[in-house]
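1. starting from these lines, generate the structure:
(one chain, ligands or ions: 1)
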Amino acid sequence: MKKLIEFKKVTKEYTVGAAPIKALNGVDLSISEGEFVVVLGASGAGKSTILNILGGMDTATSGQVFVGDQEITKLNDKKLTEYRGEKVGFVFQFYNLIPNLNALENVEFATEVCKNHLNAKDILYKVGLKDRIKNFPSQLSGGEQQRVAIARAVAKNPLLLLCDEPTGALDYVTGKSVLKLLQDLNKETKKCVVLVTHNSAIAPMADKIIKVKSGMIESVTINEDKLSVEGIEW
Ligand SMILES: Nc1ncnc2c1ncn2[C@@H]1O[C@H](COP(=O)(O)OP(=O)(O)OP(=O)(O)O)[C@@H](O)[C@H]1O
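-> Now for the predicted structure:
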């Protein structure tokens, strides 16, 4: 499969007080088109930093990051904003929906600025919210809100879907159904999904498992016998 993402010797330092914190310390990794990737590691390992740099929400201190035909580490602020808006769909632990917009409006608001976006209603139907499109976030369960957030990310028709602990605030059954949705969307749309979690039990659903430790890549495993979420328990 064609390579979609490449990190070359990426470092990230944060300066807090006198001592710099090395969040990433020479990360090399590559991800192919259509892959479902799970990034694992303990708290503070650097998982979110990788995801944020990949999504253009943060910038590397040194090294190079390539996504598709762009080197995103070379982009100026304006181009990075365009990249974030057009090419990346984000799903966060706490949904981050706009409270005074209903489900449909939340998705439409995000897609307004995207040239190649998909139909918001179609995607909300696809994630199982046909009867809830006029509901506000406060009228939806956590799992339903996360489905809206996933619809919002997917409707942009991005190059990649980045998910940071997407089931972190959900119960076991709801979390599993959200993972199943992400797995189905990956299969159907062939969009690359990069999912960050501390839950190593979900690794068997991935094509590739990247373990991060102390700002470095500890291991990369290609999973030849990928499991459906239904077949995984934790
Ligand atoms: N904006 C920031 N300012 C200062 N330090 C930061 C900042 N963001 C992250 N860090 C530090 O960088 C390191 C890596 O953080 P990161 O959030 O990437 O870890 P993580 O693996 O995602 O952890 P968690 O699972 O707890 O979210 C940590 O030591 C963290 O404290």
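2. in the sheet, who's paired with the residue nearest in space to the middle of the chain?
-> Central residue of the chain (Cα atoms, centre = their mean): Leu162, 1.2 Å from the mean position. On the basis of DSSP bridges, Leu162 takes part in beta bridges with Phe90, Val194.
3. tally of neighbours for Leu29?
-> The tally of other residues near Leu29 (other Cβ atoms under 10 Å) stands at 19. Every C-beta, even on glycine, is put in place using the N, C-alpha and C of the backbone.
4. that should have said Ile31, apologies.
-> Going by other Cβ under 10 Å, the residues that sit close to Ile31 add up to 25.
5. got a list of what the closest residue to Val212 other than its chain neighbours touches?
-> In space, Val212 comes closest to Gly41 once its chain neighbours are excluded; the distance is 3.7 Å by Cβ to Cβ, 6 or more residues apart in numbering. Shown in contact with Gly41 (Cβ atoms under 8 Å, 6 or more residues apart in numbering): 47, 198, 211-213, 218.
6. restrict stretch 143-153 to CA atoms and write it as PDB.
-> C-alpha atoms of stretch 143-153 as PDB (Å, rounded to 0.1, in the frame of the first residue of the first chain):
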ATOM      1  CA  GLY A 143     -22.200   7.600  22.900                       C
ATOM      2  CA  GLU A 144     -24.600   9.500  20.700                       C
ATOM      3  CA  GLN A 145     -22.500  12.700  21.100                       C
ATOM      4  CA  GLN A 146     -19.400  10.800  20.100                       C
ATOM      5  CA  ARG A 147     -21.300   9.500  17.000                       C
ATOM      6  CA  VAL A 148     -22.000  13.100  16.100                       C
ATOM      7  CA  ALA A 149     -18.400  14.000  16.600                       C
ATOM      8  CA  ILE A 150     -17.300  11.100  14.400                       C
ATOM      9  CA  ALA A 151     -19.900  12.200  11.700                       C
ATOM     10  CA  ARG A 152     -18.500  15.700  12.000                       C
ATOM     11  CA  ALA A 153     -15.000  14.500  11.300                       C
END
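7. hmm, back to that, for the residue nearest to the centre of the chain, what are its contacts?
-> Per Cβ under 8 Å, 6+ apart, neighbours of Leu162: 51, 54-55, 88-91, 194, 196.
8. can you rerun that using 6 Å?
-> By Cβ atoms under 6 Å, 6 or more residues apart in numbering, Leu162 lies in contact with 51, 55, 90, 194.
9. list, out of the residues you listed, those positioned next to the ligand.
-> For the ligand, no contacts are drawn from the contacts of Leu162 by Cβ under 6 Å from any ligand atom.
10. up against the ligand, what does this structure have?
-> So the chain meets the ligand at 14, 16, 21, 23, 41, 43-49, 198 (Cβ under 6 Å from any ligand atom).
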